[in-house]
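Peer 1: One predicted model, sequence on top.
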2 protein chains.
Amino acid sequence: MISGKFAITLHILTLLSKYPEEYLSSDFLASSMNINPVLVRKEMANLKKHDIIESREGKYGGSKLAKAPEHISLDDIFKITFETVTLGYCKKEPNPKCPVGNKINDNLDKLYCDINTDISNKLCKITLQEFTQEF
Amino acid sequence: MISGKFAITLHILTLLSKYPEEYLSSDFLASSMNINPVLVRKEMANLKKHDIIESREGKYGGSKLAKAPEHISLDDIFKITFETVTLGYCKKEPNPKCPVGNKINDNLDKLYCDINTDISNKLCKITLQEFTQEF
DNA sequence: AAATTTGTAATCAAATTTATTACAGAACAT
DNA sequence: ATGTTCTGTAATAAATTTGATTACAAATTT
C-alpha cells in the first residue's frame, strides 16, 4: 500500500493555488478530500517546514501558498512526500553466500534509482500552476 | 507497503537464467532469498501461467526458463507482477461538489499513466540476460 | 473573554503483505 | 509398488503499514 501523502499534498496545494489570497482552514481542505482534518494538518506541517506554504493559527487561521504556483514543481512535492519509487524489495535479507542473493539488492537499487531520475525529470517540468489549470 | 512480487520474481528468474539447463526447486530458490518456499511457488505459478518458465512436479522437480533470457524483458516481468506505479491516491472518494475533488483522481491518473509509460519504455530495453550479467 | 484554528501526541481500526502449516497429487528411484 | 521428494494450493496467522479518531494545549482574532 502506498501512502496518500503525495496525493493529499497535491490536492491541498491545488486548492491553495485556486484561492491564492485566502487562508484556507484544514477543515475546509479536508472536506474537499473527505478525510480527517488531522491528516491535512500533518501535510501542512510538512509543507510549512519546506517553506511551500505559510500558516496562521487561531481564529480565521489556515494556510496559503508561500510562493507563486509557477515556482512550485510537482517534483518539489514529490521530493518532500515520497521516499523513492520502487518496484519492491524482498523483505528479508537475502542469502549473502549466494552470488545472486548477495548482489540483488544493489542491482535493484540501481534500477530503481534510474527510474526515480526519470520520474523527477518529468515532474520537474510540470508546475503547480500547470497542474491546477486542468481543473 | 509495496509487495515484493517483482523483486522475488526477478530473483527467481536471475537464478534460473544462471542455471539454464537445470530444474531448480522452490526450496533452493527460497534459500537464496531467505523466504518461505510457498512464496516462491506462488510466483512460479504466475510465471508458468505466462509461459515464462516451465515446471515439473515430483522428485527432482522444479522450474526452468521456458525461453531464452535474451527474449525476456524486465517489462515482461513488471507487467505480470505489478499493477501500476503510482505516487498514491487519497483513499477516500473526494467531494464531487468541489471542482478539485471532482477531478483530482482523473488528473492523477493521467500523470501516473505517463509515468508508467516511461517506466515500461525503460524496462523494455533491459533483458533478463543483461540484468543477469551484472552478477 | 470567547471562539476558532493550528500543532501535535497518542491510540485505534482497517487493509495489506508475508509467513507458516497442512496436505493432496505427481514423478522419480530403487 | 513403495518411499521419497517436490509442486500446487488453500487456509490461517503474524507482522507491518496506513489512515481515522480523540484529545487538548497554544495561538490569534474579534
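Peer 2: Sure, I can see it.

Peer 1: how about the strands of chain A, start to end?
Peer 2: Using DSSP state E, the strands of chain A run over A:53-56, A:62-65.

Peer 1: Tell me which of these sits most buried.
Peer 2: Mean neighbour count (mean count of other CB atoms under 10 Å in any protein chain shown) peaks for strand A:62-65 among the strands of chain A, with a mean of 21. All C-beta spots, glycine's among them, are computed from the backbone N, C-alpha and C.

Peer 1: Can you check which of the strands of chain A gets nearest to B:L10?
Peer 2: strand A:53-56 (40.3 Å; CB to CB).

Peer 1: which regions of chain A lie under the pLDDT threshold?
Peer 2: For chain A, the stretches with pLDDT under 70 are A:1.

Peer 1: Going by neighbour count, list what's buried in the top helix by length along it.
Peer 2: As assigned by DSSP state H, the longest helix anywhere in chain A is helix A:99-124. Residues A:100-101, A:104, A:107-108, A:111-112, A:115-116, A:119-120, A:122-123 are the ones in helix A:99-124 that count as buried (16 or more other CB atoms under 10 Å in any protein chain shown).

Peer 1: Relative to B:K64, which of those is nearest.
Peer 2: Nearest to B:K64 among the buried residues of helix A:99-124, with distances taken as CB to CB, is A:V100, at 15.6 Å.

Peer 1: Can you tell me how far the closest residue to A:K103 other than its chain neighbours is from A:M44?
Peer 2: Distance criterion CB to CB, 6 or more residues apart in numbering or on different chains; nearest residue to A:K103, sequence neighbours excluded, is B:F135 at 5.4 Å. Separation of B:F135 from A:M44 (CB to CB, to the nearest Å): 46 Å.

Peer 1: where along chain A do the helices fall?
Peer 2: Counting by DSSP H, chain A has helices at residues A:5-18, A:26-33, A:37-49, A:74-81, A:99-124, A:128-133.

Peer 1: sorry, back to before: columns distance to A:K91 on top of the strands of chain A, output as a markdown table?
Peer 2: Putting the strands of chain A into a markdown table (distance: least, CB to CB, whole Å) gives the following:
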| stretch | distance to A:K91 |
| --- | --- |
| strand A:53-56 | 36 |
| strand A:62-65 | 37 |
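
Peer 1: Just tell me which of these ends up closest to DNA strand D.
Peer 2: Ranking the strands of chain A by proximity to DNA strand D (CB to the nearest atom of the strand) places strand A:53-56 first, at 5.7 Å.

Peer 1: Is that closest one positioned near DNA strand D?
Peer 2: Yes - Strand A:53-56 is in contact with DNA strand D by CB under 7 Å from any atom of the strand, via A:R56.
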